[in-house]
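Student: whatever this is, show me its structure:
(2 chains)
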Protein chains: 2
Amino acid sequence: MAEAVRHDKTARQLRLLSDALDSGRLGPVRRMVHTLAPAEIGNLLESLPPDKRMVVWGLVDPADDGEVLVHVGDEVRESLIADMDQDELVAAVEDLDIDDLADLVEDLPDAVIDQLLQSMDRDNRERLEKVLSYAEDTAGRLMNPDVVTVRADTTVDVVLRFLRLRGELPDHTDHLYVVNRRHQLIGWVALQDLVTRDPSTPINQLIDDELESLHVDTPADEVARRFSDNDWVSAPVVDDHNVLLGRITIDDVVDIIREQAEHQALGAAGLDEDEDLFSPIRRAVRGRVVWLGINLLTAFLAAAVIGQFDATIEKIVALAVLMPIVAGIGGNAAVQVLTLMVRGLALGQVGPSNASILLWKELRVALINGLLIGLLVGAVALLWFGSWALSAVIAAALVLNFCSAALAGVLLPLLLKRMRIDPAVAGTVVVTAVTDVMGFFSFLGLATAILLH
Amino acid sequence: MAEAVRHDKTARQLRLLSDALDSGRLGPVRRMVHTLAPAEIGNLLESLPPDKRMVVWGLVDPADDGEVLVHVGDEVRESLIADMDQDELVAAVEDLDIDDLADLVEDLPDAVIDQLLQSMDRDNRERLEKVLSYAEDTAGRLMNPDVVTVRADTTVDVVLRFLRLRGELPDHTDHLYVVNRRHQLIGWVALQDLVTRDPSTPINQLIDDELESLHVDTPADEVARRFSDNDWVSAPVVDDHNVLLGRITIDDVVDIIREQAEHQALGAAGLDEDEDLFSPIRRAVRGRVVWLGINLLTAFLAAAVIGQFDATIEKIVALAVLMPIVAGIGGNAAVQVLTLMVRGLALGQVGPSNASILLWKELRVALINGLLIGLLVGAVALLWFGSWALSAVIAAALVLNFCSAALAGVLLPLLLKRMRIDPAVAGTVVVTAVTDVMGFFSFLGLATAILLH
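Tutor: Numbering: from 1, shown residues only, chains lettered A, B, ... in the order given. A predicted model of the protein is given here:
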């Protein structure tokens, strides 16, 4: 019976499983794990602390081991692999699809790789080596060489007979590829057409030749964009001479899209996307302290700016009270602009052709927001410290810092991108360094010039 | 001929198009637009400032208008719709799939909706009303009622005859659904099996009944997770009585996953995911100033804490120089913990069952990172201001603030989630408010207690 699941299945299962583990009853745990898809088991293992993780890993059906390894982050994968002996590992991975195997192979011990290559037939070994010869994060590395091809000079009936002889098709086969004698791609035929058209229809008439293929060097993020723009389920991969090398399927593209999103979210906080929830302490410390050190440098820079005005602060201590407001709100404004720019760059919507229009728009928004927030903060400062001059100084400093935020938010991501630094990762540190320095400098500088004469 | 595209097609096309627009040659622009998929045209329109956007919109093939409207953000969509008259709009949307139409309908003027409903046949009108009766962001709203069903007591051959009579199948049909007389779902049959199995095979033998279906009330993010965990291309949607209502396809799921990622990235900066790169100034100001106001409140809170210690700062101005370091680095540490928690919550990997283990781990990481950064900052403070006591105070304050960061980073997202506030959106403001307040309080408080006796 098809089972309908109404609510949050994953969370509920994790809770049930955690309870069963706590009570030490492994029978129910094993039964529960056997009902899960490999990706769900991977998700589950990632959510468990190391000791429980190893207990559950021991209960996974060995037939699922390989697929589970494909679906966990690098850190968890290492810990799972460390728990298996060589024969278990070879058995787990030898039946994986070539693209999954290529994804996994660099995490395997050398001895396992050797044994694995020996156990593969020559055909598969050559295919694996071919896939591994392409750069990571390109179409060549993502593709599966297992494709079904047909010739153009035949009929639906003949193709159906051929398929019945061949038996099972690769997962996610929605098209058959039409190639010529030199294995060059001519077009493709939809499985849908094979089942809806008359058996006598010539394949020639069904070929969709408007279709674009992916060159083997296409970067992974461009592959993902093309899939989602064109609603593809699979797409052919070809070389310089249009020779068909393999196909990429939507399930791998969904993984890419998810990983990109994770990379952006975690990268912005200086985290490695493979950081495990339960990373060993030493690893977590090492992973995070570098980022904190970079932020510390920018904090010292800001402190040095404040240090230039210590005589002013000594005379008017209200400046020390208010200065974090100027820097902080400026930082928020800059991150807003930066975030829009990062999205625009990721979608290919922002470039030199429209940067100046964007900058001009953001400067006007900054001016208005700066005036609004500046007036508000000025009013509060007036009520708090009773000084019109101080109130004017902080309002002016805020307007200036909003403009710095707009400039930094628009221009720095473009600059970072040109320097081949990912603005989604480095952007926040850089733009908030600018707004911290400019915020303290404009506020304390104006105060020194206006309040101290 | 299938065309291989090696490099970043989108960015290159945008550049070429922008150049052609600037030169006023609309012929090449029109030809270029006609080669793009509707989603690509949507992306292009979003990247253009309003005046050029309207020029290009006028050049789009009217047959693509509806699909393009489906693929742009709300703000851009409104501006495009405002540019069309009633008949154009009805013509553009009346051929859309029911699920796309349901997505679009609330942005259409009432007069257009009326005319549209009149132009639809009764069957389609009822289907649209059915889909619209389900809550937004649930399986019911995402599904397309257009499904192909077969009976169990027949053979491959009969089904193939039926499909040839029926003609074209709905997009992304990879399975046919097997239902009983009451239209209850019994299982499904893969299109692949229909083309690879012998024509005399009974459908009964091909039914996969292990398959899970989606209940019509399943939330969209759970739908996305189930698709990516199970590598589905399509999945059936059923009601409480297991009656088949429709199907969801991977192309819509890819859109959900992209939108979730955008929502997280933009939400964390207080931006609406529909904010257009070229939003009118007034709209951009309104969209952002609320968020800045919320941040301003927390900034005033931090300022109030500093204000409690103004007498101390007056005597030791070095405190004013160093205090942003304590608060700032504490904020960075908190955002790192928060980011891991938000990911864990989104994946269903974090819950009450493992929160205390995570908290304990994060506190230990915080203690070590706090000591490392504390010693470093203490050493710099000693060199800068020559005071052992000041150096000890800032090191101690940093250790304390790292521990506040760990506490806030682990506990606040759990609390926000329980209060049904999205921690991905509100988390950063809340945790940095804690580290600002605790940073200033611990640093200035310790300084008052130790340095001022």
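
Student: let me know the helix or strand that the spatially most central residue of chain A is in.
Tutor: Centroid-nearest residue in chain A, with CA atoms, centre = their mean: A:Gln260, separated by 1.5 Å. Element membership for A:Gln260, per DSSP states H and E: helix A:250-267.

Student: tell me if the following helix or strand past that helix is near chain B.
Tutor: Using DSSP H and E, the next helix or strand after helix A:250-267 towards the C-terminus is helix A:281-307. Yes. For helix A:281-307, a contact with chain B is found by CB under 8 Å from any CB of the partner chain, at A:281, A:284-285, A:288-289, A:291-293, A:295-296, A:299-300, A:302-303, A:306-307. For the C-beta atoms, the positions are set from N, CA and C on the backbone; glycine is no exception.

Student: I'd like to know how many residues surround the residue of the stretch 301-450 of chain A found nearest chain B.
Tutor: Nearest residue of the stretch 301-450 of chain A to chain B: A:Gln349, at 3.4 Å (CB to the nearest CB). Here the number of neighbours of A:Gln349 (other CB atoms under 10 Å in any protein chain shown) works out to 23.

Student: ok, A:Asp310 next?
Tutor: So A:Asp310, with other CB under 10 Å, has 14 neighbours.

Student: dump the residue contacts of it.
Tutor: Residues in contact with A:Asp310 (CB atoms under 8 Å, 6 or more residues apart in numbering or on different chains) are B:Val317, B:Ala318, B:Ala320, B:Val321.

Student: what of A:Val131?
Tutor: By CB under 8 Å, 6+ apart, the neighbours of A:Val131 are A:Ile98, A:Asp99, A:Ala102, A:Gly140, A:Arg141, A:Met143, A:Pro145, A:Gly246.

Student: now do the buried residues in stretch A:362-371.
Tutor: Residues A:Glu362, A:Leu363, A:Val365, A:Ala366, A:Leu367, A:Ile368, A:Asn369, A:Gly370 are the ones in stretch A:362-371 that count as buried (16 or more other CB atoms under 10 Å in any protein chain shown).

Student: any residue of that stretch touching chain B?
Tutor: Yes. Residues of stretch A:362-371 contacting chain B under CB under 8 Å from any CB: A:Arg364, A:Val365, A:Ile368, A:Asn369.

Student: report pLDDT for the residue nearest to the centre of chain A.
Tutor: Here, the pLDDT recorded for A:Gln260 equals 84.

Student: how about it: what's its closest non-neighbour residue?
Tutor: Closest residue to A:Gln260 apart from its sequence neighbours, by CB to CB, 6 or more residues apart in numbering or on different chains: A:Asp221 at 6.4 Å.

Student: and if you look at A:Leu45?
Tutor: A:Arg53 (5.2 Å).

Student: from the chain's centroid, how far away is the helix or strand containing that neighbour?
Tutor: Element membership for A:Arg53 (DSSP H and E) is helix A:50-59. Taking CA atoms, centre = their mean, to the nearest Å, one finds the center of helix A:50-59 at 27 Å from the center of the full chain.

Student: what comes up buried for that helix?
Tutor: A:Lys52, A:Arg53, A:Val56, A:Trp57, A:Leu59.

Student: can you count the residues close to A:Asp110?
Tutor: As a burial measure, A:Asp110 scores 7 neighbours (other CB under 10 Å).

Student: tell me who's in contact with it.
Tutor: Per CB under 8 Å, 6+ apart, neighbours of A:Asp110: none.

Student: for A:Phe309, same thing?
Tutor: For A:Phe309, the contacting residues are A:Leu319, A:Phe440, A:Leu444, A:Gly445, A:Ala447, A:Thr448, by CB under 8 Å, 6+ apart.

Student: quick check: it vs A:Leu382, distance?
Tutor: Distance, A:Phe309 to A:Leu382, by CB to CB, to the nearest Å: 22 Å.

Student: cool, and A:Glu362?
Tutor: For A:Glu362, the distance to A:Leu382 (CB to CB) stands at 29 Å.

Student: just A:Ile98 next, same as before
Tutor: 70 Å.

Student: and the angle from the longest helix seen in chain A to helix B:281-307?
Tutor: In chain A, taking DSSP state H as the definition, the longest helix is helix A:352-385. Per axes from the mean of the first three to the mean of the last three CA atoms, to 10 degrees, the angle that helix A:352-385 makes with helix B:281-307 is 40 degrees.

Student: and the strands in chain A?
Tutor: A:3-5, A:149-150, A:175-179, A:185-190, A:212-215, A:234-238, A:244-249 (DSSP state E).

Student: Throw the ones you listed into JSON lines and include mean neighbour count, distance to chain B and mean pLDDT, thanks.
Tutor: Formatted as JSON lines, the strands of chain A follow (neighbours: other CB atoms under 10 Å in any protein chain shown; distance: least, CB to the nearest CB, whole Å; pLDDT from 0 to 100):
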{"stretch": "strand A:3-5", "mean neighbour count": "16", "distance to chain B": "4", "mean pLDDT": "38"}
{"stretch": "strand A:149-150", "mean neighbour count": "17", "distance to chain B": "12", "mean pLDDT": "94"}
{"stretch": "strand A:175-179", "mean neighbour count": "23", "distance to chain B": "9", "mean pLDDT": "94"}
{"stretch": "strand A:185-190", "mean neighbour count": "22", "distance to chain B": "5", "mean pLDDT": "92"}
{"stretch": "strand A:212-215", "mean neighbour count": "22", "distance to chain B": "4", "mean pLDDT": "91"}
{"stretch": "strand A:234-238", "mean neighbour count": "25", "distance to chain B": "5", "mean pLDDT": "95"}
{"stretch": "strand A:244-249", "mean neighbour count": "24", "distance to chain B": "8", "mean pLDDT": "94"}
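
Student: in a markdown table, list those along with distance to B:Asp252.
Tutor: Shown next, in a markdown table, are these (distance: least, CB to CB, whole Å):
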| stretch | distance to B:Asp252 |
| --- | --- |
| strand A:3-5 | 19 |
| strand A:149-150 | 30 |
| strand A:175-179 | 20 |
| strand A:185-190 | 19 |
| strand A:212-215 | 22 |
| strand A:234-238 | 17 |
| strand A:244-249 | 17 |
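
Student: appreciated, that's everything.
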